[in-house]
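Undergrad: Structure for this input, please:
(4 chains)
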Protein chains: 2
Amino acid sequence: MAEGQDSMAGTPELDFPRPLTTVDVVIFAIRSDALQVLLVQRPKAETEPFPGSWALPGGFVDIAGDRDLEACAARKLKDKTGVVSPYLEQLGSWGSASRDPRGWSATHAYFALLPEHAASGALAADAQWFAVEGEKVRPKLAFDHAEILQAAVQRLRSKVEYTSLPAYLMPLEFTLPELQRTYEIVLDRPLEKSAFRTRMLAADLIEPVAKMRKGPNRPAQLYRLKKARAPVFFARTFNPPG
Amino acid sequence: MAEGQDSMAGTPELDFPRPLTTVDVVIFAIRSDALQVLLVQRPKAETEPFPGSWALPGGFVDIAGDRDLEACAARKLKDKTGVVSPYLEQLGSWGSASRDPRGWSATHAYFALLPEHAASGALAADAQWFAVEGEKVRPKLAFDHAEILQAAVQRLRSKVEYTSLPAYLMPLEFTLPELQRTYEIVLDRPLEKSAFRTRMLAADLIEPVAKMRKGPNRPAQLYRLKKARAPVFFARTFNPPG
DNA sequence: CATACTTAGTTGTACAGTACAACTAACTTA
DNA sequence: TAAGTTAGTTGTACTGTACAACTAAGTATG
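TA: Numbering: from 1, shown residues only, chains lettered A, B, ... in the order given. Here you go, the predicted structure:
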């Protein structure tokens, strides 16, 4: 990067205007059999940009308190949901002169996956879950957050095609049909049962626990994630294109 | 993100310290039958951080001149290589209190793919190509640029497994064996000839031109990219894992 | 208590795309 | 004309999925 390269050689000049720097987090969970995302309502004071609008949780980097960007994202996540260490992945950054009325700003966007039980915990007062419909949510979002959300949904859907990411949306113990249902909700299309089972069991990702999920019909084997598993990558996508 | 959420409600306070904001570009090309990356030497003045070290091309965002982050990355690329619109993709961002001795800083990293002829053009005086060895280069890099380079190489290798990205490293006209060689250089492993040809020809990515590449042995069919082709995604990786 | 219903899980065949290997084709050089 | 090299094709095997029919195990209902 050569920080300082743009300034006078030999006399680094750091005294120029800097962009605003923020971090935003797209927090996903499966709730009510649907993919949902957590939004916060912006303060209603007219001095604020987009007063009263819904927005992604986030805010300025605190250069005194935040060690790095990921710690900043984790802090915002914890502030809004109380959740401490879920799946957290960097999504990308958006920066331009026009995205914030207060001036040139750049945001570092992350996305997080929460299991349902974590998503049902104590929310911040200004936070609320919204169903993802297509690649959008109902309310009009502040800033360029609709674009960021769209990128997050696309990234999630794309990775779900060939990774075990949805495992992070599951409770500690779950059945294979439940995991398949989560895949189907995220991908918004049905998957084939036997191929799904074969793939998941071959992936060395989950292990059976000595319990069954009882229900109104045949009980299902319960599984849990093998400990400390990074997401698994599959060599193929699910339904071949064309 | 709710920019401003961290400040007092009703009285947005923008008068707090902001991180330094930079953009860095990892510029790849195939040169001398190897994957190479463009580095620049930092000014030698002792007032600069990492004086004389090699670093990724980049620098501060110019909030007066740069419309957005990508325009800023394109500007840095053009400054160093003269190249105007190659393949340019966002890689990620790195930000922490410690990565720059001048204070809390965040960089937005991009990576670019250049065809060899573009990479051989007029370089900036402080710029030079280095072979990528493994996921590193020989010289010790300034800041956290070794880490950024490593992420770029990993991203490139990973995407090459299932996309047509290497097409952007090729000249306007090329043969299938040449394209395969480019894949092999990036992946650092040999690929199977017939499967490679089948995949590429089935991808509707390239079209033959009415010319042959002459050489000391059997001539090869020349192809070119179909116009305005976004990268193609394949449903499988090349060599199945395991 | 038998039967229907529902969901869990298995089995078998077909198919697509690649791996692997052997082959043919076209050119140069000696 | 023969040898060497690279381009390009062909055929068989294999892997993982698609598709569909099947069996298994429970509940609900008469």
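Undergrad: Skipping adjacent residues, who's closest to residue A:69 in space?
TA: residue B:95 (4.1 Å; C-beta to C-beta, 6 or more residues apart in numbering or on different chains). C-beta: built from backbone N, CA, C; applies to glycine.
Undergrad: got it, and residue A:221?
TA: The nearest residue in space to residue A:221 (C-beta to C-beta, 6+ apart) is residue A:208, at 5.4 Å.
Undergrad: Identify the residues contacting that neighbour.
TA: A:221-223 (C-beta atoms under 8 Å, 6 or more residues apart in numbering or on different chains).
Undergrad: Wait, a strand at it?
TA: Yes - secondary structure assignment places residue A:208 in a strand (DSSP: H, G, I helix; E, B strand; the rest coil).
Undergrad: Report the buried residues of stretch A:120-130.
TA: A:126-127, A:129-130 (16 or more other C-beta atoms under 10 Å in any protein chain shown).
Undergrad: Let me fix that, I meant to ask about stretch A:78-93.
TA: Those would be A:79-81, A:83, A:86, A:88-93, for stretch A:78-93 by 16+ other C-beta under 10 Å.
Undergrad: CA atoms only for that stretch, dumped as PDB, please.
TA: Provided in PDB are the C-alpha atoms of stretch A:78-93 (Å, rounded to 0.1, in the frame of the first residue of the first chain):
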ATOM      1  CA  LYS A  78     -22.400  -8.400  21.100                       C
ATOM      2  CA  ASP A  79     -23.900  -5.000  21.700                       C
ATOM      3  CA  LYS A  80     -27.000  -5.900  19.800                       C
ATOM      4  CA  THR A  81     -27.500  -9.600  20.500                       C
ATOM      5  CA  GLY A  82     -25.300 -10.500  23.500                       C
ATOM      6  CA  VAL A  83     -23.800 -13.300  21.400                       C
ATOM      7  CA  VAL A  84     -20.100 -13.600  21.800                       C
ATOM      8  CA  SER A  85     -18.400 -15.800  19.200                       C
ATOM      9  CA  PRO A  86     -20.500 -17.100  16.400                       C
ATOM     10  CA  TYR A  87     -19.400 -17.500  12.800                       C
ATOM     11  CA  LEU A  88     -18.100 -14.100  11.600                       C
ATOM     12  CA  GLU A  89     -16.700 -13.600   8.200                       C
ATOM     13  CA  GLN A  90     -15.600 -10.500   6.400                       C
ATOM     14  CA  LEU A  91     -17.900  -9.600   3.500                       C
ATOM     15  CA  GLY A  92     -16.200  -6.600   1.900                       C
ATOM     16  CA  SER A  93     -16.000  -2.900   2.100                       C
END
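Undergrad: Give the next helix or strand downstream of the one helix or strand residue A:181 maps to.
TA: Assigned by DSSP states H and E, residue A:181 belongs to helix A:176-187. Sequence order places helix A:193-202 as the next helix or strand after helix A:176-187, per DSSP H and E.
Undergrad: Give me the contact list for that following helix.
TA: For helix A:193-202, the surrounding residues in contact (C-beta under 8 Å, 6+ apart) are A:164, A:176, A:179-180, A:183, A:206, A:234, A:238.
Undergrad: Pick out the most distant pair among the residues you listed.
TA: With distances taken as C-beta to C-beta, the most widely separated pair in the contacts of helix A:193-202 is A:206 and A:238, at 17.4 Å.
Undergrad: Neighbour count for those two, which is higher?
TA: residue A:206 (22 against 17; other C-beta atoms under 10 Å in any protein chain shown).
Undergrad: With adjacent residues omitted, what lies nearest to the more buried one?
TA: Closest to residue A:206 by C-beta to C-beta, 6+ apart is residue A:223, at 4.2 Å.
Undergrad: so what strands line up beside whatever helix or strand the one you found lives in?
TA: Assigned by DSSP H and E, residue A:223 belongs to strand A:220-225. Sheet pairing of strand A:220-225 (DSSP bridges) gives strand A:173-175 (antiparallel), strand A:206-213 (antiparallel).
Undergrad: now, of the ones you listed, which is deepest in the fold?
TA: strand A:173-175 (a mean of 18; mean count of other C-beta atoms under 10 Å in any protein chain shown).
Undergrad: How about that one and DNA strand D, any contact?
TA: No - Strand A:173-175 is not in contact with DNA strand D by C-beta under 7 Å from any atom of the strand; minimum separation 13.6 Å.
Undergrad: ok so, going back, quick one: the residue nearest to residue A:221 from residue A:168, how far?
TA: 19 Å (C-beta to C-beta, to the nearest Å).
Undergrad: Backbone torsions only: list them for residue A:151.
TA: Torsion angles at residue A:151 (phi, psi; degrees, to the nearest 10) stand at phi -60, psi -40.
Undergrad: okay, the helix holding residue A:181 in CSV with CA atoms only?
TA: These are the backbone C-alpha positions of helix A:176-187, laid out as CSV (Å, rounded to 0.1, in the frame of the first residue of the first chain):
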residue,chain,number,x,y,z
LEU,A,176,-30.0,-34.5,9.1
PRO,A,177,-33.5,-33.5,7.9
GLU,A,178,-33.2,-30.3,10.0
LEU,A,179,-29.9,-29.5,8.5
GLN,A,180,-31.2,-30.1,5.1
ARG,A,181,-34.2,-27.9,5.8
THR,A,182,-31.7,-25.1,6.7
TYR,A,183,-29.9,-25.5,3.5
GLU,A,184,-33.2,-25.4,1.6
ILE,A,185,-34.3,-22.2,3.4
VAL,A,186,-31.1,-20.4,2.6
LEU,A,187,-31.0,-21.6,-1.0
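Undergrad: how near is residue A:53 to DNA strand D?
TA: Per C-beta to the nearest atom of the strand, to the nearest Å, residue A:53 is found 40 Å from DNA strand D.
Undergrad: Can you list the helices and strands that the longest strand seen in chain A packs against?
TA: Assignment by DSSP state E gives strand A:20-31 as the longest strand of chain A. Secondary-structure packing of strand A:20-31 (3 or more C-beta pairs under 8 Å, 6 or more residues apart in numbering or on different chains; DSSP states H and E): strand A:34-41, strand A:58-60, helix A:69-81, strand A:105-114, helix A:116-119, helix A:145-160, helix A:176-187.
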